[in-house]
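[1] 3D, please:
(one chain, ligands or ions: 1)
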Amino acid sequence: MFKDNLKNFLKHGLMLGLYGVSAILPKRRTPVIIYHSVDESGSCISIGKDVFENQMALIKEGGYRTLTFSEIADIWKNGKAEPEKAVVLTFDDGFRNNYDVAFPILRKNGFTATIFLATDYIGKRCTWDKRSDIPDFPMLTWEMITEMGGYGIDFQPHTATHPHLPLISNNRIRDEIKRSRSTIEDKLDKRCDIFCYPYGEFDERVIRVLKEEGFIGAVAVNPDKENLYTIRRVGSMHLTTQLAFNVALKEGFSLYYSCKELVRKITMT
Ligand SMILES: [Zn+2]
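    Numbers count the residues shown, from 1 in each chain. You can find the predicted model right below:
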């Protein structure tokens, strides 16, 4: 009991301190939030509908607008400034519940998002990772993707077969990246400039191929060093209160994660 109170006290105090500090620091790149599946299974990649709905409300109440990666890519290409209060919502893999559950909530709030598709699985089931607790969720169909694209949801490549990229040959890396990109570009008649690493895993070979193929950026999860090809994303499970949300969005996530880690260390002893 005492430990819980101490933990909450420290957490809140640190959050407030960080919020104050972040207000005077220069703005970082527009923050990016990572989602996968919106469902009630409790799997490691799932978030419940109510939690998702509450997070969208936090974004709205916080006065943020949403940008897609296509919009971000345009801003970067033209050397323009990113808007002050904006956030990028991303969904990895292309689960069908992104259409059934998340899409109506996004639309209700006037929000957009970027969905990274594992293109060989479109219209099928999620069967690429048999070792995890992830159920064989159904995936989006092209019909759903086209409808969401018409509304303004952005689609970008996440490989064709969802492999562990650092474990495969150079030729396969290039094929996975090119094939998933051209599939989306051909179907939706759009350009794809941003890539998403399966499992957040990459190495120098993967980044070299992305640069050679003309990608202007790639999203990871929580890389050691952040640059355009290792864009950090914040896990949605941390976005529990308006304060936590503001801290995470305002000064980027490295500060936020350091803070959480510090609280964990202090309260573990
Ligand atoms: Zn994935």
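[2] Phe111: neighbour count?
    Residue neighbour count, defined by other CB atoms under 10 Å, stands at 21 for Phe111. C-beta: built from backbone N, CA, C; applies to glycine.
[3] please name the nearest non-neighbouring residue to it.
    Distance criterion CB to CB, 6 or more residues apart in numbering; nearest residue to Phe111, sequence neighbours excluded, is Thr66 at 4.4 Å.
[4] contacts for the host helix or strand of the one you found, please.
    Element membership for Thr66, per DSSP states H and E: strand 65-67. Outside of strand 65-67, the residues within contact range by CB atoms under 8 Å, 6 or more residues apart in numbering are Thr30, Ile59, Glu82, Pro83, Lys85, Ala86, Val87, Val88, Leu89, Phe111, Thr112, Ala113.
[5] now stretch 201-220
    With CB under 8 Å, 6+ apart, stretch 201-220 has contacts from 32, 34, 69, 72-73, 76-77, 90, 116, 164-166, 170, 173-174, 177-178, 181, 193-197, 200, 228-233.
[6] can you pull the buried residues of that stretch?
    Using 16 or more other CB atoms under 10 Å as the test for burial, stretch 201-220 gives Phe202, Val206, Ile207, Val209, Leu210, Phe215, Ile216, Gly217, Ala218, Val219, Ala220.
[7] I'd like the next helix or strand past the strand holding Thr66.
    helix 69-77.
[8] what are the pairing partners of the strand holding Thr66, and which direction each?
    strand 86-93 (parallel) (DSSP bridges).
[9] and the strand it pairs with, how far out from the chain middle?
    4 Å (CA atoms, centre = their mean, to the nearest Å).
[10] contacts for that strand next, please.
    30-37, 45, 59, 64-69, 72, 98, 102, 106, 111-118, 121, 126, 139, 158, 162, 196, 219, 233, 249.
[11] what distance do you get for Ser70 to the ion?
    To the ion, Ser70 is 19 Å away according to CB to the ion, to the nearest Å.
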